[in-house]
Structure formats: structure tokens, C-alpha cells
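S.K.: dropping the sequence and predicted coords here.
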Amino acid sequence: MLLALAGRTVRVETASDRALGAIAPAFSHLAGSAPGAVAGAPIRWRIAEEDDAWRPEGYGPNGAYRMSGGGFAVVQGEPAALESYLPGEGITLRAGRRALGAGDFRAHPGSFALAAALSGPGAQVLHAGAIAHDGAAVLLVGVGGVGKSTTALACALGGADFLGDDLVLVEAGRGAAAPRVHCLFATAKLNDDSARALGVGNWRPIGITPKNKTVVAVGDRVAIRRSAPIAAVVLLAPPANGEPRPERIAPAAAMALVMPTALPVACRTGSPADLLGVVADLARRVPAFRLPVTWDLDALRSAVRSVLPRGAEASGSIARPGRLALPDGVS
Amino acid sequence: MTERLVPNSARFPDQTIDDETLLFDADTGNLVLLTGFGSVVWTHLLAGADAAAIAAGVAERFGSEAAEATRAFIGELRTAEMIVPSAAPPEAIVAVVAWPAAFTAPAIERYDDIAKIIAMDPIHDVDATTGWPRAAPDGEV
């Protein structure tokens, strides 16, 4: 299976229909891509399904491993999985059946290894959501639980394009070109109260995370955009009294606020200096706003929409409709 | 001969925007914000200026109190290892950095949220020469 992801080709190799079915919903927006049009050597992603008795023993204690030169691995004991990236070799995932069905994996398959493979001086995977109106993206940043998923889906259900709810790839600007955000996963993780407020409680879950969030595939539900220039950054804040009004914040403050949300991913998969460079580029080039969240989703949508300059450049690419070619019986 | 102090850029990558400098401590995960004249001092250090010359430049433009505050700030940078002694010969030509019109006290703000997260789920650094990831011999971990 070939996927075009943020300007790179990812070649998924697996003999496991279960593994293919596990990753398919998250990458549904990449179906129908044209690998010949994508630059650079393909990133090889091998997935091996292990039996339930398999354990990644002998690789050290659970946790993240970082090797000088860019190698990276995550060892997970329960459910058992080993995810690694080595430059020149690509991504390897060995996972038991329960790990392949786990909520976090269904939401963001191979996220750490993909982050290691795709990140560098000019691009970083950030802990952020993103939506776009008329091809201009708003990056949604905030600490875990503040409402990134709710805001992203509220906007998408209101007509915006969806680019992610939790992890996205941000590419630094080049010359006069604005920084860009690339959609990695066509999924969302929602708490029950968010699902109810959004009216998506009847969407079929594809997994439950350890934090009891429901994972849903959004590829068939909202419009997915593969990438878009970033026109604004919104730092989501706890609710405040009254209408949610975006408040402009200074670039240096934006840089200081975005960094902590992004570092836990970047520290494990790449160079903090690279992350600092990408975040600084973002802060210099794109206006940032602080926005208290609210359960008044119409007001929230309007507030997010209001930060976009009128007539923002529309140069993103929209995911073409289609489905991944799956073996019979795999959905 | 006084020691020459230079930014410890390997441990503290930095970015400056609008007179504020953000550094990331790659060893601890702390974020450090240099505000006020702190960013000016850092920019001069990055340009190759000598710490004593920076303090002298501040004294000349803004008076002895400002110079004392600058010296104390440079001492804090040294204690925190954000600047370290360098054995390399000084640059023959130091880049010219403009001085602002007014002095505002330099300050260091530290944010340890990420350090706490990283401490809870530590990252294991691995030597590239060991051929990783691989099974440890004899079940050793």
C-alpha cells in the first residue's frame, strides 16, 4: 500500500489483513494518491502482527529510545508493541493483536515513528489540531483536554475542512510562502460530553483510548484537507465568562506557549532545536490568538473563523475521495 | 586574562522574537525565557561579544546600576550553564548589534512543565554504535 503523506511517499508492507484494517481508517484521506508525483525516496513501513503471547522483551524497559543520528523507538509492554524508525531502514512496527486494536493506535497508527521519519529542521509534528476555511488553515493549540478535538470537529461539522484534532505536521515557511499544516490522521478522539455536544454520539467508535476517549473515523463524515497554508494560530484556553473572543497575543508569547504543547512529541522523535526553529518561524509569520473555549459551539466556530483574514490565500490541496484498497473482509 | 564566555548552544538552542529570547534546555526539558535586556545581552553574546565588554557598553550608555544588573544577569547565565567558557580564540570581527534606546532589567523566567512530563516518561538515549534496537544479550535490559 502506498500513501502520500505530507509530500513523502510511505510504503506500507504487511502480510496482516488485521494490521491493514487497523490503520486504514486513520489514513483514508490518503487513498487514491499518486505516488509518482511525490518527491523523495519512499519511507518503508513494515508492520508485523504478532500473536497475543508475544512480548517485546529484551529491548529494554518500556518507554522511548532515541539514538544519535535519528533513530527512535517506543517499547510498550501492555498491550505489547514495538515501534521504531531508523534512517535508511524506515519504520518497523511489531504489535500483538490487542495493540493493533487499541484506541490510541487506531487513532494515530505509528505516530511516534512517523513523527521521527517526517520531522526535521523544516517540519515538525506538533500536538495540535487544525481546520481550514477557503483553503486557509487555523492551527489549534492547547494542553491536553482543553478542547482541541471538540473545536476541530465543531468547525468541521460547521463547514470547515478538517486537518487533524491532535497531531499534525507543520512545515516551516519557505521564502514568501507561509508555513503549512499537513493532515496526518483522519480520526478524532472525543470524551463523551464532547460527542454529545457535537451530536456525534451515534458515530461508530473504532477504539477506546486508555483515557476513555472514543476514537472515531472522520473521513466519511467531514471534509478532509490534506494540507493548507497556516493563516492563524489559536491557543485554546479554559472557558471564560461571556462570548469567546479571540485576543491577539505577541509572537514571542505565542512561541513560548506553543513550545510546551509540542515538546513531548518532539523530544522523543527529533531535535528540540529543530522544533524551536519551526515554532519560531510560525510565530514570526502567522498571527496568534488566545481563545477561551465554550460549549456554545456556534459561538466557538464563529470565533475561530473570525481570526482568519478576509480573502486568505487558498492554496491547499484537498483529499480526493476514495478508499484504501483493502483485502476482502477487511473494513 | 579573563575567561571568554560563549552561549552553550549545543545544550540551549535559542530563538529570539521581538526582544524576547526563548531557550530550550535539552538536558532538563526546561524552557527559559530571557526578557528585558536579557535578550539584548544574549544577542550580543551570540554575535561574539565579550561579557565584560557588554557590561562596559551598558555602563557607558545606561549607567552603573544598569551595568551591575547586567553583570549579575551574566553571572546567572554562567551559573545555569547557558554560557560556558570557551578555549577557542575570539572572533577577529564581532558582529555589530544595535543597542536599544532604554534599559529594562534583564530577567530569566523558567518553565518546567515539560521537564516534569519528560521526567515521568524518560527518554533513553542510545549509542549509535551499538546497533539499536536489538535484543539485549542474555535478557539484560
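M.R.: On my side now, so go ahead. Numbering: from 1, shown residues only, chains lettered A, B, ... in the order given.

S.K.: report the contact partners of the residue positioned nearest the centre of chain B.
M.R.: For chain B, the residue nearest the mean C-alpha position is residue B:82 (3.2 Å; CA atoms, centre = their mean). Residue B:82 makes contacts with B:7-8, B:12, B:23, B:32, as judged by CB atoms under 8 Å, 6 or more residues apart in numbering or on different chains. From N, CA and C alone the C-beta is placed, and that goes for glycine too.

S.K.: residue A:198 reaches residue A:155, doesn't it?
M.R.: No - in terms of CB atoms under 8 Å, residue A:198 does not count as a neighbour of residue A:155; the distance is 10.6 Å.

S.K.: the two: who's more crowded?
M.R.: residue A:155 (26 against 19; other CB atoms under 10 Å in any protein chain shown).

S.K.: in three-state terms, label residue B:73 for me.
M.R.: helix (DSSP: H, G, I helix; E, B strand; the rest coil).

S.K.: got it, and residue A:185?
M.R.: coil.

S.K.: show me what contacts it?
M.R.: A:26-27, A:107-109, A:111, A:164, A:166-167.

S.K.: can you pull the contacts of residue A:303?
M.R.: The contact partners of residue A:303, by CB under 8 Å, 6+ apart, come to A:243-246, A:291.

S.K.: can we see that at 7 Å?
M.R.: Contact analysis of residue A:303 by CB atoms under 7 Å, 6 or more residues apart in numbering or on different chains lists A:244-246, A:291.

S.K.: turn those residues into TSV, including neighbour count, distance to residue B:96 and secondary structure.
M.R.: Shown next, in TSV, are the contacts of residue A:303 (neighbours: other CB atoms under 10 Å in any protein chain shown; distance: CB to CB, whole Å; DSSP: H, G, I helix; E, B strand; the rest coil):
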residue	neighbour count	distance to residue B:96	secondary structure
A:244	20	46	coil
A:245	13	43	coil
A:246	20	39	coil
A:291	24	41	strand
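
S.K.: hmm, residue A:20 is touching residue A:3, no?
M.R.: No - contact criterion CB atoms under 7 Å: residue A:20 and residue A:3 do not qualify, at 11.7 Å.

S.K.: number of residues surrounding residue 74?
M.R.: I'll assume chain A. By other CB under 10 Å, neighbour count at residue A:74 equals 22.

S.K.: I was thinking of chain B, sorry if that wasn't clear
M.R.: Counted with other CB under 10 Å, residue B:74 comes out at 22.

S.K.: tell me who's in contact with it.
M.R.: B:41, B:51, B:55 are the contacts of residue B:74 under CB under 7 Å, 6+ apart.

S.K.: what's the farthest-apart pair in the contacts of residue A:185?
M.R.: A:27 and A:166 (15.2 Å; CB to CB).

S.K.: related to what we said a few turns ago, filter the contacts of residue A:185 down to just the ones in helices.
M.R.: Counting by DSSP state H, the part of the contacts of residue A:185 found in helices is A:107, A:111.

S.K.: just give me the closest of the contacts of residue A:185 to chain B.
M.R.: The shortest approach to chain B among the contacts of residue A:185 belongs to residue A:111, at 14.8 Å (CB to the nearest CB).

S.K.: contact partners for the closest one?
M.R.: For residue A:111, the contacting residues are residue A:167, by CB under 7 Å, 6+ apart.

S.K.: what mean pLDDT does stretch A:252-270 get?
M.R.: Looking at stretch A:252-270 alone, the average pLDDT works out to 74.

S.K.: straight-line length of stretch A:75-92, end to end?
M.R.: 12 Å (CA to CA, to the nearest Å).

S.K.: any buried residues in it, and which?
M.R.: For stretch A:75-92, the neighbour count (16 or more other CB atoms under 10 Å in any protein chain shown) marks A:75-76, A:79-86, A:90-92 as buried.

S.K.: okay, now residue 53: neighbour count?
M.R.: Using chain A here. 7.

S.K.: wait, chain B was what I had in mind.
M.R.: By other CB under 10 Å, the residues close to residue B:53 number 11.

S.K.: over to residue B:17?
M.R.: So residue B:17, with other CB under 10 Å, has 20 neighbours.

S.K.: give me phi/psi at residue A:170?
M.R.: phi -110, psi 130 (degrees, to the nearest 10).

S.K.: what of residue A:92?
M.R.: Per degrees, to the nearest 10, the backbone of residue A:92 is at phi -130, psi 130.

S.K.: now rank the contacts of residue A:185 by neighbours and give me the top one.
M.R.: Result: residue A:164 is most packed of the contacts of residue A:185 (other CB under 10 Å), 30 neighbours.

S.K.: sweet, I'm off.
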